[in-house]
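Chemist: Sequence and predicted structure, then a few things I'm wondering about:
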Amino acid sequence: MSILELRDVSIKYITGDIKNVGLKETIVRKLSGKYHKKEFWADKHISFTLEKGDFLGIIGTNGAGKTTLLKAISQIMVPSEGVVTVSGSVASLLELASGFDGDLTVKENIYLRGAILGYSKEKLVREYDNILEFSELKEFEDRPFKQLSSGMKSRLAFAVASYVEPDILILDEVLSVGDGAFRTKSEKKMREIINGGATTIMVSHIINQIREMSNKVLWLNKGEQVAFGDNVEELCDAYSMFLIDKVLPSSEEEIKTFAEKYRSIEKENEQKEQNEKKDIKH
Amino acid sequence: MLQKIRKHKFLFSELVKRDFKKKYKGTIVGMGWSALSPLLTLLIMRLVFTHFFGSSIPHYTIYLFCGNLVFSYFRDSTTQGMEALSSNAPIFTKCNVPKYLFLLSKNVESLINFGITIIILFIFCIIDGITFTWKFVLLIYPILTVFLFNVGVGFILSALRVFYKDISYLWRVFTLLVMYVSAIFYSTKTYSETIQKLFYINPIYTYITYFRSIIIDGVIPSIEVHALMLIYAVVFTSIGLLIYKKYNHKFLYYV
């Protein structure tokens, strides 16, 4: 049985004059016909299934509907059409820092954020010291969160989040945070969770990360599903070609030709580089 | 359902803790304000209004106290509950948590304040020489119904607040109006009987009257008053829950 199934999922998004508009403004704009409520489909007819242990990389340019889709899978949003079937627990790390409160201390924040992530009290009591140690904030335990530097904040946010034990892990470009040593440490930790058997869905703009980690790829463009499959290399190559040409493949055949085209360009570039090196040597 | 509640129990307690800590952070007397603030209000009202109404209303201090007690609980619970969704928007737009927990968390806080104030009221009753009867047990009924009523209003307001920001300003004016029509510092006895009955349209007045009737007069209010209190509570909670259920998934577009 598949762990996650999306069947013909479409998500309608509402924007326009609806945010932070006062009562008076709404009435005035409605009366004068200037009230703009724009509806658009952030995702259209997305369908795919994932098995246990899969790693899905989602690629696509800005506004492709990647984050919206992640929100639907995380059950933060409800799809306007279609069905999302999840069998298991979901941990969505869309934004590591959401839930932290500036006025509370580091200690209080670890508990609060942990609870938001769905940790049990026992687990937090057990892992509290580890979290503190991982974030390297031992001596700041009783300091208010707002007094921390931004680097410390992201370290803490990552440390709390890194104890998730979900069936499905959702990452929105948060494989690693911080700088230098912590970057390596956090990426290692995240890989541990992924290799621990969690089915993972990751959005990333770093195509090499997708190539390296995914066994399946979903390509979105302006809400449309361009491709989904386990031909990771081919899809990544075709996507890279799309980034150069800005032409969308319309069939599986075209994906293949796009990928080949990209590979030949790559080869040319490599040869050019080698020739240049030779020239320098001579 | 039960499993769900157990799962969210920890999150709920953490949210309550957060709201408490945030409220009293940086204040010297901390939670003491829960006790001090109604006392100060009472003191001011006692000084200002005794001259006008004090002589004609028996146990005027207790009379004022009952009115303030219920009204403050209503005002605090609803004004804070109103912000529950919009102030927690950064959380529920990024994490899958049940949004009603935010509202309930704010309500727990004002309920505890309400409890503290009731204890102080009882201390005042002893000082004022009021005899405690078994009827005091019945006060559970207004406490329960006014709690439900406030939660219901909170659900309605917090949803409206997401869609229209000015609700908070309107509500401030509205609660002022409620204060004046709730007979907190005056008596309705000087009005004609029809007008006296009209006062019961106001749920807050109805709840206040129950407290006064039991504590000061030692009389159990009529069955109609009981029914009315329950109706207010049930109607407002139902409307609140319906609105929440209907717009639950739309909030995130608006914040």
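Modeler: Everything's here; your move. Residues are numbered from 1 along each chain as shown, chains lettered A, B, ... in the order given.

Chemist: ok but A:I170 is inside a strand, no?
Modeler: Yes. Using DSSP: H, G, I helix; E, B strand; the rest coil, the assignment for A:I170 is a strand.

Chemist: Go ahead and confirm it touches A:Q75.
Modeler: No. Counting by Cβ atoms under 8 Å, A:I170 does not reach A:Q75; the two are 10.5 Å apart. (C-beta placed from N, C-alpha, C; glycine too.)

Chemist: Give me the below-cutoff pLDDT ranges for the stretch 1-150 of chain A.
Modeler: Applying pLDDT under 70 to the stretch 1-150 of chain A picks out residues A:16-22.

Chemist: helix or strand right after the particular helix or strand that has A:D237 in it?
Modeler: If you go by DSSP states H and E, A:D237 is part of helix A:232-245. Scanning forward in sequence from helix A:232-245 by DSSP H and E, the next helix or strand is helix A:252-281.

Chemist: What average pLDDT does that next one get?
Modeler: Helix A:252-281 carries an average pLDDT of 85.

Chemist: and that helix, what other elements does it pack with?
Modeler: helix A:232-245 (3 or more Cβ pairs under 8 Å, 6 or more residues apart in numbering or on different chains; DSSP states H and E).

Chemist: Pull out the buried residues from the helix it packs on.
Modeler: Neighbour-count burial for helix A:232-245, counted by 16 or more other Cβ atoms under 10 Å in any protein chain shown, picks out A:V232, A:E234, A:L235, A:C236, A:D237, A:A238, A:Y239, A:S240, A:M241, A:F242.

Chemist: got the contact list for the closest residue to B:Y164 other than its chain neighbours?
Modeler: Spatial nearest neighbour of B:Y164, chain neighbours left out: A:L23 (4.4 Å); criterion: Cβ to Cβ, 6 or more residues apart in numbering or on different chains. Counting by Cβ atoms under 8 Å, 6 or more residues apart in numbering or on different chains, A:L23 makes contact with B:Y164, B:K165, B:D166, B:I167, B:L170.

Chemist: And these, which of them are buried?
Modeler: B:Y164, B:K165, B:I167.

Chemist: Helices along the chain, start to end?
Modeler: You didn't pick a chain, so chain A it is. Counting by DSSP state H, one finds helices in chain A at the ranges A:23-31, A:66-73, A:106-116, A:121-134, A:150-161, A:181-195, A:207-213, A:232-245, A:252-281.

Chemist: if you could check chain B rather than the one you did, that'd help
Modeler: Going by DSSP H, chain B shows helices at B:2-24, B:32-49, B:60-82, B:84-87, B:89-92, B:100-127, B:140-163, B:167-180, B:193-198, B:203-212, B:223-247, B:251-254.

Chemist: so can I have TSV of those showing distance to chain A and mean pLDDT?
Modeler: Formatted as TSV, these follow (distance: least, Cβ to the nearest Cβ, whole Å; pLDDT from 0 to 100):
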stretch	distance to chain A	mean pLDDT
helix B:2-24	4	85
helix B:32-49	17	86
helix B:60-82	14	95
helix B:84-87	9	92
helix B:89-92	5	91
helix B:100-127	10	93
helix B:140-163	8	96
helix B:167-180	7	94
helix B:193-198	29	93
helix B:203-212	24	97
helix B:223-247	12	96
helix B:251-254	5	85
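
Chemist: Redo these as JSON lines? Include distance to A:Y128.
Modeler: Listed next are the helices of chain B as JSON lines, based on distance: least, Cβ to Cβ, whole Å:
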{"stretch": "helix B:2-24", "distance to A:Y128": "13"}
{"stretch": "helix B:32-49", "distance to A:Y128": "30"}
{"stretch": "helix B:60-82", "distance to A:Y128": "30"}
{"stretch": "helix B:84-87", "distance to A:Y128": "27"}
{"stretch": "helix B:89-92", "distance to A:Y128": "21"}
{"stretch": "helix B:100-127", "distance to A:Y128": "22"}
{"stretch": "helix B:140-163", "distance to A:Y128": "32"}
{"stretch": "helix B:167-180", "distance to A:Y128": "38"}
{"stretch": "helix B:193-198", "distance to A:Y128": "58"}
{"stretch": "helix B:203-212", "distance to A:Y128": "44"}
{"stretch": "helix B:223-247", "distance to A:Y128": "34"}
{"stretch": "helix B:251-254", "distance to A:Y128": "31"}
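
Chemist: Looking at those, spot the one closest to A:L104.
Modeler: Counting by Cβ to Cβ, A:L104 lies closest to helix B:2-24 out of the helices of chain B; the figure is 6.2 Å.

Chemist: Contacts for that closest one, please.
Modeler: Helix B:2-24 is contacted by residues A:101, A:103-104, A:108, A:111-112, A:115-116, A:118-121, B:30-31, B:33, B:97-98, B:101-102, B:104-106, B:108-109 when judged by Cβ under 8 Å, 6+ apart.

Chemist: hang on, the earlier thing: what sits in contact with each of A:I170 and A:Q75?
Modeler: In contact with both A:I170 and A:Q75: A:V90, using Cβ under 8 Å, 6+ apart.

Chemist: B:E109 - how many residues pack around it?
Modeler: If you count neighbours by other Cβ atoms under 10 Å in any protein chain shown, B:E109 ends up with 20.
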